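Engineer: let me see the structure of the following:
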Amino acid sequence: MPKVSAKRQITIPVDQCQALGIEPGDIVEMFVVDGQLTLVKKTAKAAKGILRHLEAKVVMTDEESLQSVICDSN
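Structural biologist: Now for the predicted structure:
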């Protein structure tokens, strides 16, 4: 089982990297939701079109947008 280093680094086991197709130098993103950490390998254009069904609320400030995301996740 991996341990967190003093620099807050974690080594991902080789078998898990292979299962996810993660190679040295790949970029990954991590999210915390409900106390669970999710790691996702970033791929070019992976999210292309994912938000196309949403309409923008152009009168919303950056702060309002951030608060709406924080409130929706609780």
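Engineer: quick one, strands of this structure?
Structural biologist: Ranges of strands in the chain, per DSSP state E, are 28-33, 36-41.
Engineer: which stretch among those comes nearest Val59?
Structural biologist: strand 28-33 (27.7 Å; CB to CB). For glycine as for every other residue, the C-beta is placed from the backbone atoms N, C-alpha and C.
Engineer: tell me the strands beside the closest one, with direction?
Structural biologist: Sheet pairing of strand 28-33 (DSSP bridges) gives strand 36-41 (antiparallel).
Engineer: for the partner strand, buried residues please.
Structural biologist: When neighbours are counted by 16 or more other CB atoms under 10 Å, no buried residue of strand 36-41 is found.
Engineer: now that strand: average pLDDT?
Structural biologist: When pLDDT is averaged over strand 36-41, the result is 87.
Engineer: nice, that's everything, thank you.
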